[in-house]
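no FASTA, just this:
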């Protein structure tokens with residue numbers, strides 16, 4: 001019977017979760033759900049020197065915001081816990097010493113100073129130092145020390161590490177689901193440290209032991225771990241365990257130039273690289289992105305469905321995801337495409353949904369305007385906000401854009417674009433606007449279509465150029481030459497507000 005699919009996401013709590021890490025978690029999630037399997041969260045905190053307070057909680061909150069749900073983990077428990085490597089510490093030495101007993105690893109007692117001297121000597125000869133088959137027999141380790149001397153050093157508390165004994169003159173053929181077969185000559189490999197005398201394993205040992213004990217069937221991780229694949233496959237072989245299937249995901253590349261996407265790229269070009277804010281860096285959530293848009297964008301950053309479809313719900317992604325369609329080459333991060341996805345998801349939301357999200361922003365902004373408005377603006381009812389949103393949403397990328405581009409729906413302008421004033425407000429504009437106010441007071445229905453017909457007919461009767469009326473009118477109502485259909489604006493803000501704004505503009509700008 002085939003073993004059920006079990007995958008894991010195993011971040012280190014050494015800082016905020018990079019957006020590349022979110023994509024790795026997402027691909028694991030999609031793969032697990034596609035195959036009816038389980039997704040495990042394991043916190044790899046063996047490097048206590050790099051541990052950052054609060055980062056584990058950040059990882060959990062960030063992935064929850066993205067909609068990535070786990071089946072097991074430190075916050076959930078499960079049959080293969082504990083799920084923090086620091087809490088699994090006692091078991092690792094046993095496995096490391098088992099490798100020593102079976103001839104696959106050895107104790108090394110070299111001090112950092114002695115290794116530095118060895119390195120300097122070889123560099124002076126134009127060579128590169130590597131702790132491997134070429135020189136390990138000449139170094140201070142249990143390969144040439146007697147068993148008695150080795151045990152005596154251990155008993156005396158000598159500093160040591162346990163190194164893997166990489167074989168000589170072998171050709172390894174490594175299998176990767178995304179990249180195919182990879183041939184490696186073991187002579188180029190060094191003897192990696194597996195265990196340190198402080199009782200903590202290195203990433204390599206803890207990773208393999210935990211994946212085996214947690215019955216992980218597929219290891220889906222970033223390309224940066226590809227150089228470790230040879231060691232990991234050899235460790236499985238040394239323990240006599242069946243290795244999981246490996247898949248190494250392509251890197252997320254900079255928008256410009258070469259190299260992997262970094263925090264500095266976001267700072268330079270003004271886009272987030274973390275899901276949530278961290279230490280002064282704004283995250284996707286705080287920047288106004290919808291989590292569904294972030295997930296959709298990340299899913300397509302290294303994978304494609306083989307069709308022209310670009311918008312996917314999480315359920316659709318689960319249904320269509322396949323490692324076979326993950327790219328080998330790096331995926332270039334496109335901040336504008338990222339925003340495009342958010343625009344698409346904003347358009348899919350109803351005016352009521354957007355009004356609900358916009359209302360707290362309106363309350364905050366109107367609160368900040370208290371004192372500059374006379375009388376002070378009040379938060380309109382939800383039905384009014386819905387109508388304003390319906391007029392504004394087409395050009396918005398973020399909910400805040402609805403305020404930025406349409407604040408005049410909620411507060412009358414107190415100033416006017418000076419460039420527009422200079423170009424559009426002429427000597428006779430104040431008189432024309434005064435006559436227009438009389439027309440608006442006298443007109444019957446204050447609907448968009450009726451206003452459009454009435455004002456256009458009046459402009460024709462007065463033999464005025466169309467722009468001589470419409471541009472100053474928009475300026476008076478909005479404060480600038482922007483916004484949706486002018487008569488839709490007039491209908492929504494109402495007759496009295498239109499009259500008040502026009503008269504305020506006449507008073508402020510007068511005859512020029």
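Perfect, thanks for sending it. Worth saying up front: this structure is predicted, and the values here are computed from it rather than measured.

quick one: residue 279 and residue 16 touch, right?
Yes - using C-beta atoms under 8 Å, residue 279 is in contact with residue 16, at 7.4 Å. For every residue, glycine as well, the C-beta is placed using N, CA and C.

ok, these two, which is more surrounded?
residue 16 (22 against 9; other C-beta atoms under 10 Å).

what's the helix or strand for that one?
When elements are assigned from DSSP states H and E, residue 16 belongs to no helix and no strand.

what's near enough to touch it?
Residues near residue 16 by C-beta atoms under 8 Å, 6 or more residues apart in numbering: 55, 58, 62, 274, 276, 278, 279, 281.

Sort out for me which of the residues you listed are in helices.
55, 58, 62 (DSSP state H).

I'd like the residues you listed laid out as a markdown table, including neighbour count.
Compiled in a markdown table, these are given as follows (neighbours: other C-beta atoms under 10 Å):
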| residue | neighbour count |
| --- | --- |
| 55 | 20 |
| 58 | 21 |
| 62 | 25 |
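
nearest to residue 199, of the residues you listed?
Taking C-beta to C-beta as the measure, residue 199 lies nearest residue 55 of those, at 22.5 Å.

per-residue pLDDT, residue 127?
Note for residue 127: predicted pLDDT of 87.

Now do the residue with the largest distance to the centre of the chain, the pLDDT please.
Computed with C-alpha atoms, centre = their mean, the maximum C-alpha offset from the centroid of the chain is found at residue 461, amounting to 58.5 Å. Per-residue pLDDT puts residue 461 at 95.

What distance do you get for it to residue 440?
According to C-beta to C-beta, to the nearest Å, residue 461 stands 15 Å off from residue 440.

same thing with residue 161?
Distance from residue 161 to residue 440, counting by C-beta to C-beta: 85 Å.

Who has more neighbours out of those two?
Each of residue 161 and residue 440 has its neighbours counted (other C-beta under 10 Å); residue 161 has more, 22 against 19.

Quick check: closest non-adjacent residue to the more buried one.
residue 193 (4.6 Å; C-beta to C-beta, 6 or more residues apart in numbering).

do residue 205 as well
residue 194 (4.1 Å).

quick one on the thing from earlier: residues contacting the residue nearest to residue 161?
Residue 193 neighbours (C-beta under 8 Å, 6+ apart): 108, 161, 162, 163, 202.

neighbours around residue 19, how many?
25.

So for it, what's the pLDDT?
95.

Double-check it against residue 252; I have them as touching.
Yes - taking C-beta under 8 Å as the definition, residue 19 is a contact partner of residue 252 at 7.1 Å.

Mind listing the shared neighbours of the two?
Common contacts of residue 19 and residue 252, defined by C-beta under 8 Å, 6+ apart, comprise residue 261.

measure the nearest residue to residue 10 once chain neighbours are set aside to residue 241 for me?
Nearest residue to residue 10, sequence neighbours excluded (C-beta to C-beta, 6+ apart): residue 42, at 4.4 Å. Separation of residue 42 from residue 241 (C-beta to C-beta) stands at 17 Å.

who has more neighbours, the two?
The residue with more neighbours, out of residue 42 and residue 241, is residue 42; 26 against 14, by other C-beta under 10 Å.
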